[in-house]
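*Asks:* Build me a model:
(one chain, ligands or ions: 2)
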Amino acid sequence: MGDGCDTEGPTAFCNACGHAWYGEGEEGLHPGRVVSQYKDLYKVAVGNAEVLAEISGKLRHGAQSRRDYPAVGDHVLVDRTDDAGGHAIIHRILPRTSAFVRKDPGNAGEVQVVAANIDTVFLCMSLNRDFNLRRLERYLAIAWDSGATPVVVLTKADLCPEWEERMEEVRRTAPGVEVVLTSSFREEGWKPLAPYLGEGRTAAFLGSSGVGKSTMINRLLGEERIRTKAVREDDDRGRHATTRRELFLIPGGGAVIDTPGMRELGLESADLDRTFEEVQALAEQCRFKDCTHQDEPGCAVRRAVEEGELSRERLESWRKLKKEAKYDGLNARQIEQEKVRTMFAGFGGVKNARNYIKGKNKRK
Ligand SMILES: Nc1nc2c(ncn2[C@@H]2O[C@H](COP(=O)(O)OP(=O)(O)OP(=O)(O)O)[C@@H](O)[C@H]2O)c(=O)[nH]1
Ligand SMILES: [Zn+2]
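*Replies:* Ligands and ions are numbered 1, 2, ... in the order given. Prediction:
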(Lines give C-alpha, C1' and ligand atoms only; values in the text may rest on other atoms or scores of the structure.)
(Ligands and ions follow the chains in the order given, each with its own letter.)
Protein backbone atom coordinates (compact mmCIF):
# COMPACT_ATOMS: atom_id res chain seq x y z
CA MET A 1 0.00 0.00 0.00
CA GLY A 2 1.53 3.29 -1.04
CA ASP A 3 1.13 6.95 -0.20
CA GLY A 4 1.85 6.53 3.48
CA CYS A 5 -1.42 4.86 4.14
CA ASP A 6 -1.36 3.11 7.48
CA THR A 7 -4.78 1.53 7.44
CA GLU A 8 -4.97 -2.22 7.13
CA GLY A 9 -8.28 -2.38 5.35
CA PRO A 10 -11.86 -1.38 5.81
CA THR A 11 -12.95 -1.44 9.41
CA ALA A 12 -16.63 -0.99 8.71
CA PHE A 13 -19.20 -1.15 5.98
CA CYS A 14 -22.12 1.16 5.68
CA ASN A 15 -25.03 -1.19 6.11
CA ALA A 16 -27.22 1.02 3.97
CA CYS A 17 -25.17 1.12 0.77
CA GLY A 18 -22.30 -1.27 1.36
CA HIS A 19 -19.63 1.41 1.13
CA ALA A 20 -16.45 0.58 3.05
CA TRP A 21 -14.76 3.06 5.29
CA TYR A 22 -11.53 3.23 7.21
CA GLY A 23 -10.88 4.33 10.74
CA GLU A 24 -12.13 3.60 14.16
CA GLY A 25 -15.70 2.72 14.79
CA GLU A 26 -17.36 3.99 17.90
CA GLU A 27 -18.97 1.96 20.60
CA GLY A 28 -22.75 2.13 20.39
CA LEU A 29 -22.89 4.11 17.16
CA HIS A 30 -24.27 2.91 13.83
CA PRO A 31 -22.94 3.74 10.37
CA GLY A 32 -25.58 5.24 8.13
CA ARG A 33 -25.93 7.45 5.10
CA VAL A 34 -27.61 10.82 4.69
CA VAL A 35 -30.30 10.43 2.02
CA SER A 36 -31.94 13.84 2.24
CA GLN A 37 -31.95 17.05 4.16
CA TYR A 38 -34.59 19.44 5.43
CA LYS A 39 -32.97 22.50 6.94
CA ASP A 40 -31.43 21.22 10.18
CA LEU A 41 -32.92 17.76 9.96
CA TYR A 42 -31.40 14.89 8.05
CA LYS A 43 -32.93 11.68 6.87
CA VAL A 44 -30.39 8.92 7.46
CA ALA A 45 -30.57 5.38 6.11
CA VAL A 46 -29.36 2.89 8.70
CA GLY A 47 -29.58 -0.65 7.43
CA ASN A 48 -33.08 -1.12 6.12
CA ALA A 49 -34.49 1.63 8.29
CA GLU A 50 -34.56 5.40 7.96
CA VAL A 51 -34.33 7.81 10.86
CA LEU A 52 -34.69 11.54 11.17
CA ALA A 53 -31.58 12.95 12.75
CA GLU A 54 -30.02 16.14 13.96
CA ILE A 55 -26.38 16.84 14.59
CA SER A 56 -24.82 16.58 18.02
CA GLY A 57 -23.96 19.73 19.95
CA LYS A 58 -20.31 18.78 19.77
CA LEU A 59 -20.42 18.53 16.00
CA ARG A 60 -22.18 21.86 15.76
CA HIS A 61 -19.73 23.64 18.02
CA GLY A 62 -16.74 22.07 16.30
CA ALA A 63 -17.95 23.12 12.85
CA GLN A 64 -15.74 25.78 11.38
CA SER A 65 -17.77 26.27 8.24
CA ARG A 66 -20.74 24.99 6.30
CA ARG A 67 -18.72 22.16 4.89
CA ASP A 68 -18.37 20.62 8.32
CA TYR A 69 -22.11 19.93 8.29
CA PRO A 70 -23.62 16.76 6.85
CA ALA A 71 -24.64 16.69 3.20
CA VAL A 72 -26.63 14.26 1.10
CA GLY A 73 -24.41 11.25 0.48
CA ASP A 74 -22.39 11.61 3.67
CA HIS A 75 -21.55 8.56 5.70
CA VAL A 76 -22.29 9.33 9.31
CA LEU A 77 -22.38 7.68 12.70
CA VAL A 78 -25.75 7.88 14.43
CA ASP A 79 -26.82 6.82 17.88
CA ARG A 80 -29.92 4.79 17.01
CA THR A 81 -31.65 2.84 14.29
CA ASP A 82 -35.18 3.74 15.34
CA ASP A 83 -36.38 7.30 15.86
CA ALA A 84 -39.71 6.43 17.47
CA GLY A 85 -38.41 7.84 20.74
CA GLY A 86 -37.06 11.04 19.20
CA HIS A 87 -34.62 12.22 16.59
CA ALA A 88 -31.41 10.29 16.17
CA ILE A 89 -28.18 12.17 16.74
CA ILE A 90 -25.42 12.37 14.17
CA HIS A 91 -22.16 12.20 16.07
CA ARG A 92 -19.65 12.07 13.31
CA ILE A 93 -19.28 12.62 9.58
CA LEU A 94 -16.92 10.07 8.05
CA PRO A 95 -14.21 11.28 5.66
CA ARG A 96 -15.53 12.21 2.21
CA THR A 97 -14.07 10.69 -0.92
CA SER A 98 -15.52 13.38 -3.15
CA ALA A 99 -17.72 16.45 -2.85
CA PHE A 100 -19.74 18.76 -5.01
CA VAL A 101 -19.56 22.24 -3.56
CA ARG A 102 -21.24 25.50 -4.33
CA LYS A 103 -21.17 28.97 -2.89
CA ASP A 104 -23.38 29.29 0.12
CA PRO A 105 -26.32 31.42 -1.06
CA GLY A 106 -26.83 32.81 2.43
CA ASN A 107 -23.22 33.42 3.30
CA ALA A 108 -20.79 35.26 1.06
CA GLY A 109 -17.36 33.71 0.70
CA GLU A 110 -18.51 30.41 2.17
CA VAL A 111 -19.08 27.14 0.39
CA GLN A 112 -21.40 24.33 1.20
CA VAL A 113 -21.35 20.72 0.14
CA VAL A 114 -24.17 19.84 -2.22
CA ALA A 115 -23.51 16.09 -2.36
CA ALA A 116 -20.76 13.86 -1.03
CA ASN A 117 -19.09 10.52 -1.71
CA ILE A 118 -19.98 10.20 -5.34
CA ASP A 119 -17.86 7.76 -7.33
CA THR A 120 -19.30 8.38 -10.77
CA VAL A 121 -21.05 11.39 -12.21
CA PHE A 122 -23.41 10.62 -15.05
CA LEU A 123 -23.32 13.70 -17.23
CA CYS A 124 -26.65 13.36 -18.96
CA MET A 125 -27.37 14.84 -22.32
CA SER A 126 -30.35 13.91 -24.41
CA LEU A 127 -29.84 13.10 -28.05
CA ASN A 128 -32.58 15.39 -29.23
CA ARG A 129 -32.89 19.09 -28.46
CA ASP A 130 -30.56 19.20 -25.49
CA PHE A 131 -27.50 17.97 -27.34
CA ASN A 132 -24.89 20.67 -26.86
CA LEU A 133 -21.18 20.06 -26.74
CA ARG A 134 -20.34 23.41 -25.16
CA ARG A 135 -22.58 22.62 -22.25
CA LEU A 136 -20.91 19.27 -21.91
CA GLU A 137 -17.60 21.04 -21.42
CA ARG A 138 -19.05 22.90 -18.44
CA TYR A 139 -20.44 19.77 -16.88
CA LEU A 140 -17.13 18.04 -17.32
CA ALA A 141 -15.27 20.83 -15.59
CA ILE A 142 -17.55 20.59 -12.58
CA ALA A 143 -17.41 16.82 -12.47
CA TRP A 144 -13.62 16.62 -12.51
CA ASP A 145 -13.40 19.17 -9.79
CA SER A 146 -15.68 17.23 -7.48
CA GLY A 147 -13.26 14.33 -7.31
CA ALA A 148 -15.69 11.90 -8.94
CA THR A 149 -15.15 10.26 -12.31
CA PRO A 150 -17.41 11.54 -15.09
CA VAL A 151 -19.18 9.31 -17.59
CA VAL A 152 -21.15 10.88 -20.42
CA VAL A 153 -24.64 9.43 -20.59
CA LEU A 154 -26.48 10.09 -23.82
CA THR A 155 -30.20 9.69 -23.16
CA LYS A 156 -33.25 9.13 -25.37
CA ALA A 157 -31.37 7.03 -27.90
CA ASP A 158 -34.76 5.96 -29.23
CA LEU A 159 -35.25 9.47 -30.62
CA CYS A 160 -31.98 9.73 -32.52
CA PRO A 161 -31.03 7.65 -35.54
CA GLU A 162 -27.70 9.53 -35.83
CA TRP A 163 -26.50 8.35 -32.45
CA GLU A 164 -23.20 7.07 -33.80
CA GLU A 165 -22.22 10.49 -35.11
CA ARG A 166 -23.24 12.10 -31.84
CA MET A 167 -21.16 9.64 -29.85
CA GLU A 168 -18.15 10.42 -31.99
CA GLU A 169 -18.61 14.15 -31.41
CA VAL A 170 -18.80 13.57 -27.68
CA ARG A 171 -15.64 11.50 -27.74
CA ARG A 172 -13.80 14.32 -29.42
CA THR A 173 -15.06 16.85 -26.87
CA ALA A 174 -14.39 14.63 -23.89
CA PRO A 175 -11.27 12.66 -24.78
CA GLY A 176 -10.66 9.73 -22.45
CA VAL A 177 -14.07 9.92 -20.83
CA GLU A 178 -16.38 6.94 -21.25
CA VAL A 179 -19.54 7.54 -23.24
CA VAL A 180 -22.66 5.39 -22.98
CA LEU A 181 -25.92 5.29 -24.89
CA THR A 182 -29.19 4.82 -23.01
CA SER A 183 -32.92 4.95 -23.42
CA SER A 184 -35.59 4.68 -20.76
CA PHE A 185 -38.10 3.73 -23.40
CA ARG A 186 -36.33 0.61 -24.46
CA GLU A 187 -36.19 -2.72 -22.75
CA GLU A 188 -33.01 -2.76 -20.63
CA GLY A 189 -32.07 0.65 -22.07
CA TRP A 190 -30.43 1.43 -18.73
CA LYS A 191 -28.07 -1.54 -18.96
CA PRO A 192 -24.99 0.49 -20.07
CA LEU A 193 -25.09 2.15 -16.62
CA ALA A 194 -24.83 -1.16 -14.78
CA PRO A 195 -21.01 -1.34 -14.66
CA TYR A 196 -20.94 1.89 -12.63
CA LEU A 197 -23.52 0.79 -10.12
CA GLY A 198 -23.64 -1.95 -7.54
CA GLU A 199 -22.66 -2.67 -3.97
CA GLY A 200 -20.77 0.20 -2.36
CA ARG A 201 -20.90 2.49 -5.39
CA THR A 202 -22.62 5.82 -5.73
CA ALA A 203 -23.47 7.64 -8.92
CA ALA A 204 -24.94 11.09 -9.35
CA PHE A 205 -27.04 12.31 -12.26
CA LEU A 206 -26.21 15.72 -13.60
CA GLY A 207 -27.82 17.37 -16.55
CA SER A 208 -30.33 19.90 -17.80
CA SER A 209 -33.99 19.71 -17.00
CA GLY A 210 -35.92 17.34 -19.21
CA VAL A 211 -33.07 15.11 -20.38
CA GLY A 212 -34.65 12.16 -18.58
CA LYS A 213 -32.70 11.87 -15.32
CA SER A 214 -35.72 11.11 -13.14
CA THR A 215 -37.15 8.64 -15.61
CA MET A 216 -33.82 6.81 -15.66
CA ILE A 217 -33.54 6.74 -11.87
CA ASN A 218 -37.06 5.30 -11.67
CA ARG A 219 -36.02 2.57 -14.09
CA LEU A 220 -33.00 1.73 -11.97
CA LEU A 221 -35.12 1.60 -8.83
CA GLY A 222 -37.76 -0.48 -10.56
CA GLU A 223 -40.55 1.82 -9.37
CA GLU A 224 -41.80 5.35 -9.82
CA ARG A 225 -40.08 6.91 -6.84
CA ILE A 226 -39.61 10.30 -8.48
CA ARG A 227 -42.54 12.01 -10.09
CA THR A 228 -41.33 13.06 -13.51
CA LYS A 229 -42.22 16.46 -14.86
CA ALA A 230 -42.96 17.70 -11.39
CA VAL A 231 -42.46 21.30 -10.31
CA ARG A 232 -39.53 22.70 -12.19
CA GLU A 233 -36.72 24.11 -10.14
CA ASP A 234 -36.63 27.29 -12.22
CA ASP A 235 -40.17 28.10 -11.17
CA ASP A 236 -39.35 28.88 -7.60
CA ARG A 237 -36.60 31.33 -8.29
CA GLY A 238 -35.44 33.25 -5.26
CA ARG A 239 -36.51 30.62 -2.79
CA HIS A 240 -33.39 28.96 -1.53
CA ALA A 241 -35.17 26.40 0.57
CA THR A 242 -35.83 22.97 -0.83
CA THR A 243 -34.42 21.88 -4.10
CA ARG A 244 -34.91 18.25 -4.88
CA ARG A 245 -31.80 16.36 -3.96
CA GLU A 246 -32.06 12.88 -2.71
CA LEU A 247 -30.06 9.72 -2.46
CA PHE A 248 -31.82 6.53 -3.50
CA LEU A 249 -30.62 3.08 -2.53
CA ILE A 250 -30.81 0.72 -5.48
CA PRO A 251 -32.36 -2.69 -4.71
CA GLY A 252 -29.40 -4.52 -6.27
CA GLY A 253 -26.84 -2.53 -4.23
CA GLY A 254 -25.30 0.92 -4.41
CA ALA A 255 -26.97 4.29 -4.62
CA VAL A 256 -27.83 7.13 -6.96
CA ILE A 257 -28.19 10.83 -6.26
CA ASP A 258 -30.36 13.18 -8.19
CA THR A 259 -28.19 16.29 -8.18
CA PRO A 260 -29.47 19.79 -8.72
CA GLY A 261 -29.12 21.70 -11.94
CA MET A 262 -26.20 23.73 -13.20
CA ARG A 263 -27.50 26.96 -11.80
CA GLU A 264 -27.45 25.67 -8.29
CA LEU A 265 -23.97 24.25 -8.64
CA GLY A 266 -22.55 27.37 -10.21
CA LEU A 267 -19.22 27.35 -11.90
CA GLU A 268 -17.02 28.58 -9.11
CA SER A 269 -15.03 25.42 -8.82
CA ALA A 270 -14.72 24.31 -12.40
CA ASP A 271 -11.63 22.33 -13.19
CA LEU A 272 -10.99 23.85 -16.57
CA ASP A 273 -7.54 22.47 -17.13
CA ARG A 274 -8.80 18.94 -17.20
CA THR A 275 -11.71 19.56 -19.50
CA PHE A 276 -9.44 21.47 -21.83
CA GLU A 277 -6.48 19.20 -21.58
CA GLU A 278 -5.37 19.82 -25.16
CA VAL A 279 -5.55 23.62 -24.72
CA GLN A 280 -3.53 23.23 -21.56
CA ALA A 281 -0.92 21.11 -23.33
CA LEU A 282 -0.57 23.74 -26.05
CA ALA A 283 -0.37 26.55 -23.51
CA GLU A 284 2.70 24.94 -22.03
CA GLN A 285 4.48 25.74 -25.27
CA CYS A 286 3.55 29.41 -25.24
CA ARG A 287 6.50 31.76 -24.86
CA PHE A 288 5.04 33.36 -21.76
CA LYS A 289 4.02 31.32 -18.81
CA ASP A 290 1.00 33.51 -18.07
CA CYS A 291 -0.04 33.78 -21.71
CA THR A 292 -3.72 34.62 -22.11
CA HIS A 293 -3.64 33.58 -25.76
CA GLN A 294 -5.02 36.95 -26.84
CA ASP A 295 -2.23 38.85 -28.54
CA GLU A 296 1.01 37.76 -26.93
CA PRO A 297 3.86 36.88 -29.28
CA GLY A 298 4.88 33.24 -29.42
CA CYS A 299 1.43 31.96 -28.46
CA ALA A 300 1.22 28.27 -29.25
CA VAL A 301 -2.53 28.14 -28.70
CA ARG A 302 -3.32 30.76 -31.33
CA ARG A 303 -0.86 29.16 -33.69
CA ALA A 304 -2.69 25.85 -33.30
CA VAL A 305 -5.96 27.55 -34.17
CA GLU A 306 -4.42 29.12 -37.25
CA GLU A 307 -3.02 25.82 -38.33
CA GLY A 308 -6.36 24.14 -37.82
CA GLU A 309 -5.14 21.88 -35.02
CA LEU A 310 -7.47 23.43 -32.46
CA SER A 311 -10.92 24.61 -33.34
CA ARG A 312 -11.72 28.27 -32.86
CA GLU A 313 -14.91 27.25 -31.09
CA ARG A 314 -13.00 25.21 -28.58
CA LEU A 315 -10.72 28.13 -27.72
CA GLU A 316 -13.77 30.39 -27.45
CA SER A 317 -15.49 28.12 -24.94
CA TRP A 318 -12.26 27.88 -22.97
CA ARG A 319 -12.11 31.70 -22.82
CA LYS A 320 -15.72 31.99 -21.79
CA LEU A 321 -15.44 29.44 -19.04
CA LYS A 322 -12.21 30.91 -17.78
CA LYS A 323 -13.96 34.22 -17.41
CA GLU A 324 -16.95 32.77 -15.62
CA ALA A 325 -15.14 30.54 -13.24
CA LYS A 326 -14.13 32.67 -10.34
CA TYR A 327 -10.91 31.31 -9.06
CA ASP A 328 -11.23 32.44 -5.49
CA GLY A 329 -8.99 29.79 -4.07
CA LEU A 330 -11.87 27.59 -3.13
CA ASN A 331 -11.65 24.33 -4.90
CA ALA A 332 -13.58 21.26 -3.94
CA ARG A 333 -10.56 19.07 -4.18
CA GLN A 334 -8.42 21.26 -1.99
CA ILE A 335 -11.15 21.47 0.58
CA GLU A 336 -11.49 17.75 0.94
CA GLN A 337 -7.88 16.87 0.29
CA GLU A 338 -6.89 16.48 3.89
CA LYS A 339 -9.69 14.10 4.72
CA VAL A 340 -9.37 12.25 1.47
CA ARG A 341 -5.68 11.49 1.54
CA THR A 342 -5.90 8.46 3.79
CA MET A 343 -8.98 7.18 2.02
CA PHE A 344 -7.51 7.22 -1.45
CA ALA A 345 -4.44 5.24 -0.60
CA GLY A 346 -6.56 2.27 0.31
CA PHE A 347 -9.29 2.79 -2.23
CA GLY A 348 -7.35 3.51 -5.34
CA GLY A 349 -10.68 4.40 -6.92
CA VAL A 350 -10.81 7.98 -8.07
CA LYS A 351 -7.10 8.50 -8.26
CA ASN A 352 -6.49 5.40 -10.30
CA ALA A 353 -9.31 6.24 -12.63
CA ARG A 354 -7.78 9.63 -13.23
CA ASN A 355 -4.35 8.26 -13.92
CA TYR A 356 -5.86 5.68 -16.19
CA ILE A 357 -7.63 8.32 -18.22
CA LYS A 358 -4.54 10.48 -18.30
CA GLY A 359 -2.53 7.57 -19.66
CA LYS A 360 -5.22 6.78 -22.18
CA ASN A 361 -5.04 10.33 -23.52
CA LYS A 362 -1.30 10.23 -23.80
CA ARG A 363 -1.41 7.09 -25.88
CA LYS A 364 -3.69 8.70 -28.45
N1 LIG B 1 -38.29 9.30 -26.01
C2 LIG B 1 -37.82 9.28 -24.76
N3 LIG B 1 -38.33 10.12 -23.83
C4 LIG B 1 -37.84 10.08 -22.58
C5 LIG B 1 -36.80 9.19 -22.22
N6 LIG B 1 -36.51 9.39 -20.91
C7 LIG B 1 -37.35 10.36 -20.47
N8 LIG B 1 -38.15 10.79 -21.48
C9 LIG B 1 -39.20 11.82 -21.40
O10 LIG B 1 -38.59 13.09 -21.24
C11 LIG B 1 -39.34 13.94 -20.36
C12 LIG B 1 -38.45 14.45 -19.22
O13 LIG B 1 -38.03 13.35 -18.42
P14 LIG B 1 -37.58 13.55 -16.90
O15 LIG B 1 -37.13 12.22 -16.42
O16 LIG B 1 -38.63 14.24 -16.11
O17 LIG B 1 -36.35 14.53 -17.07
P18 LIG B 1 -35.38 15.12 -15.93
O19 LIG B 1 -34.03 15.18 -16.51
O20 LIG B 1 -35.53 14.38 -14.68
O21 LIG B 1 -35.96 16.57 -15.79
P22 LIG B 1 -36.03 17.49 -14.45
O23 LIG B 1 -36.81 16.69 -13.45
O24 LIG B 1 -36.74 18.72 -14.92
O25 LIG B 1 -34.61 17.74 -14.04
C26 LIG B 1 -40.49 13.09 -19.88
O27 LIG B 1 -41.63 13.43 -20.65
C28 LIG B 1 -40.06 11.67 -20.16
O29 LIG B 1 -41.14 10.80 -20.40
C30 LIG B 1 -36.27 8.31 -23.23
O31 LIG B 1 -35.36 7.51 -23.03
N32 LIG B 1 -36.82 8.40 -24.48
ZN1 LIG C 1 -0.66 31.48 -25.54
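*Asks:* can you list the residues of this structure near ligand 2?
*Replies:* Applying C-beta under 5 Å from the ion, we find that the chain lies next to ligand 2 at 286, 291, 293, 299, 301. Where C-beta positions appear, they are placed from N, C-alpha and C, glycine not excepted.
*Asks:* ok, and the most crowded of those residues?
*Replies:* Highest neighbour count within those, by other C-beta atoms under 10 Å: residue 301, with 25 neighbours.
*Asks:* Please report how far the residue nearest to that one when sequence neighbours are not counted lies from residue 280.
*Replies:* Sequence neighbours aside, residue 293 is the residue nearest to residue 301 in space, at 4.1 Å (criterion: C-beta to C-beta, 6 or more residues apart in numbering). Residue 293 sits 11 Å away from residue 280, taking C-beta to C-beta, to the nearest Å as the criterion.
*Asks:* Then residue 298?
*Replies:* To residue 280, residue 298 is 17 Å away according to C-beta to C-beta.
*Asks:* Ok, residue 48 next?
*Replies:* Residue 48 sits 47 Å away from residue 280, going by C-beta to C-beta.
*Asks:* out of the two, which sits in the busier spot?
*Replies:* Per other C-beta under 10 Å, whichever of residue 48 and residue 280 has more neighbours is residue 280, with 14 against 9.
*Asks:* That one belongs to a helix, doesn't it?
*Replies:* Yes. Applying DSSP: H, G, I helix; E, B strand; the rest coil, one finds residue 280 inside a helix.
*Asks:* who's residue 205 bridged to?
*Replies:* Counting by DSSP bridges, residue 205 is bridged to residue 122, residue 258.
*Asks:* wait, it sits on residue 248?
*Replies:* No. Using C-beta atoms under 8 Å, residue 205 is not in contact with residue 248, being 10.3 Å away.
*Asks:* Look at those two and report which has more neighbours.
*Replies:* For residue 205 versus residue 248, neighbours defined as other C-beta under 10 Å are more numerous around residue 205 (23 against 19).
*Asks:* about what we covered before: adding pLDDT, secondary structure and distance to ligand 1 as columns, could you present the residues of the chain next to ligand 2 in CSV?
*Replies:* CSV is the format used below for the residues of the chain next to ligand 2 (pLDDT from 0 to 100; DSSP: H, G, I helix; E, B strand; the rest coil; distance: C-beta to the nearest ligand atom, whole Å):
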residue, pLDDT, secondary structure, distance to ligand 1
286, 92, coil, 40
291, 87, coil, 39
293, 90, coil, 35
299, 95, coil, 40
301, 94, helix, 35
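*Asks:* which of those residues lies closest to residue 162?
*Replies:* Nearest to residue 162 among those is residue 301, at 31.3 Å by C-beta to C-beta.
*Asks:* list the contacts for that closest one?
*Replies:* Residue 301 makes contact with 279, 282-283, 286, 291, 293, 310, 315, according to C-beta atoms under 8 Å, 6 or more residues apart in numbering.
*Asks:* again, but for residue 119
*Replies:* Each residue near residue 119 by C-beta under 8 Å, 6+ apart is listed here: 97-98, 148-149, 196, 201-203, 349-350.
*Asks:* Residue 172 now?
*Replies:* Contacts of residue 172 (C-beta under 8 Å, 6+ apart): none.
*Asks:* Residue 154 touches residue 182, doesn't it?
*Replies:* Yes. The pair residue 154 and residue 182 qualifies as a contact (C-beta under 8 Å) at a distance of 6.7 Å.
*Asks:* who does the longest strand along the chain pair up with?
*Replies:* For the chain, the longest strand by residue count, based on DSSP state E, is strand 30-38. Strand 30-38 pairs in its sheet with strand 41-46 (antiparallel), strand 75-78 (antiparallel), by DSSP bridges.
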